[in-house]
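> Predicted coordinates and the sequence they were generated for:
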Amino acid sequence: MEMANMGAAIGAGLAIIGAGIGIGILAFAALQGIARQPEAIKDIRANMLIAAALIEGLAFLALIICLLGILK
Amino acid sequence: MIVDSLEHHILDHARFHLNIFGYNMSITDHLIFITAMSILMLIAFPIIARLKHWKINSLIEVMVLFVRDDIVIASMGKEGEKYTPYFCTLFFMILTTSLVGMIPFSKTVTGNLSVTGGLALTTFLLVNFMGIKEQGLIKYIKSFVPAGAPPLLAPLMFVLEIIGLFTKTIALAIRLFANMIAGHIVVICFISLIFIFTQMNLISGLITIPPSVGMSLFVNLLEILIIFIQAYIFTFLTAIFTSMAIHEH
C-alpha cells in the first residue's frame, strides 16, 4: 500500500512536469503571437484554449490513473 | 480522514435502493441533481426565450449567440448553422450541471465518469451519424484514409483512424470528469490542512486557517472559470470533430 502511494505521487509529479512544459511552450508562443499581432488576440486566445485543453486532458488522464492506484 | 471526506464529497451515494431485474437502479444524488437541472432547463429556457423584455433574456441570448457564431459557424461554416440547437443543448447541459456543484450541499453531476461518458457518447453518435448522413456510408468509410495515401500504408491508417475515433470520445469524457473533480479535490485538501495542523498543535492549526481558507476560495473561483472554459471546449471539440466528419479530407 505504501509503495502504491509513493508510485502514484511520483507518477503525478512526472505527469505535471510534462504538462507544465507543454503549457509553457504553448503560452510562450501565444503571448509572442499576441505581442506581434495584437489585432489577432481573439483567434489566438480561442485556439490557445483548445490546445491547452488537449494538453491538460493528457495530464488529467495520467492523474486519474495515479488516483486509481491509491483508491483501489 | 482525507480519503473518507473525499469519498463522501465526490462519489455518488444512493438515496433509495432499487433493484430492477438484478440491475442496480438506485436513485442516487447525481441522478436527482441531473434530473432537477434537466427539468429546470426544460421549463426555464422556453419561458426565457418567449419573454422578450426580461433582463435575463439578454444574458441567455449572449451565450446562445456565442455558441452559434463562435463555436458552430466558426468550426463548421455557414451550413453548420442548422445544428446550433444540439450544440446549445450540450453547452447549457454541461454549464448547468457543473455550476450546480458550486452550491454548498449539492453534488457536481459532471464529476461522475458515467455522466461525462454519456455526454461523450452522444458526441460519438453525432459524429458518425453526421458523417454518414452528409457523405454517405461508403464515402464516409473511404474518407478515413486520405486520398493521397500510399496503398501499403492505407490499412494501417484505416485502423489508426478507427482507434482515434474511440480515443477522441474517451478523452472528451475523461477531460471533463477530471477537470470537475480536480477542483473539488484541491478545495478539500486545503480545508483538510487545517485539521492536519490542528492535530499537531492548536497554534499551528489557528495559523493555517487564513491561508487555507483563502486558497480554497481562490480555487473555488478558479473552478467557476474552468466550468465555463470546459463547457466551451467540450462543445467546440464536438463541433470540430463533426466538421471533420462531414467534410472530406
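Nice, I can see it.
> all contacts plus neighbour counts: C-alpha atoms, from now on.
OK.
> quick one: residue B:28 and residue B:14 touch, right?
Yes: the pair residue B:28 / residue B:14 is scored as a contact, 4.0 Å apart, by C-alpha atoms under 8 Å.
> Once you drop chain neighbours, what's closest to residue B:9?
Counting by C-alpha to C-alpha, 6 or more residues apart in numbering or on different chains, residue B:9 lies nearest to residue B:107, which is 7.7 Å off, once chain neighbours are set aside.
> Next, work out how far apart that neighbour and chain A are.
Counting by C-alpha to the nearest C-alpha, to the nearest Å, the gap between residue B:107 and chain A amounts to 19 Å.
> just residue B:15 next, same as before
Here residue B:15 is placed at a distance of 23 Å from chain A (C-alpha to the nearest C-alpha).
> helix or strand right after whatever helix or strand that residue lives in?
Secondary-structure assignment from DSSP states H and E places residue B:15 in strand B:14-16. Using DSSP H and E, the next helix or strand after strand B:14-16 towards the C-terminus is strand B:19-20.
> What strands flank that following strand, and is each parallel or antiparallel?
Partners of strand B:19-20 in the sheet, by DSSP bridges, are strand B:23-24 (antiparallel).
> what comes into contact with the strand it pairs with?
Strand B:23-24 is touched from outside by B:17-18, with contacts defined as C-alpha atoms under 8 Å, 6 or more residues apart in numbering or on different chains.
> and that strand, what's its mean pLDDT?
For strand B:23-24, mean pLDDT is 74.
> Output the below-cut-off pLDDT ranges for chain A.
Applying pLDDT under 70 to chain A flags residues A:1, A:72.
> burial of the residue of it found nearest chain B, as a residue count?
Closest to chain B within chain A is residue A:57: 4.8 Å, counting by C-alpha to the nearest C-alpha. Number of residues near residue A:57 (other C-alpha atoms under 10 Å in any protein chain shown) recorded here: 22.
> quick one on the thing from earlier: name the helices or strands packed onto the strand holding residue B:15?
In terms of contacts (3 or more C-alpha pairs under 8 Å, 6 or more residues apart in numbering or on different chains; DSSP states H and E), strand B:14-16 is packed against strand B:27-28.
> could you point out which element follows the strand it packs on?
Defined by DSSP H and E, the subsequent element after strand B:27-28 is helix B:29-50.
> next one: whichever helix or strand comes after that next one to chain centre, how far?
Following helix B:29-50 in sequence order, the next helix or strand is helix B:55-66 (DSSP H and E). Distance, stretch centre to chain centre, for helix B:55-66: 20 Å (C-alpha atoms, centre = their mean, to the nearest Å).
> Packing partners of the helix or strand following helix B:55-66?
Scanning forward in sequence from helix B:55-66, with DSSP H and E defining helices and strands, the next element found is helix B:74-76. Contacting helix B:74-76 under the criterion 3+ C-alpha pairs under 8 Å, 6+ apart are the following elements: helix B:202-246.
> neighbours around residue 68, how many?
Because you didn't say which chain, this covers chain A. One way to gauge burial is a neighbour count; for residue A:68, by other C-alpha under 10 Å, it gives 11.
> my bad, chain B
As a burial measure, the neighbour count of residue B:68 was computed by other C-alpha under 10 Å and equals 20.
> Please name the nearest non-neighbouring residue to it.
Leaving aside its sequence neighbours, residue B:68 sits nearest to residue B:84 (C-alpha to C-alpha, 6+ apart; 5.8 Å).
> Lovely, talk soon.
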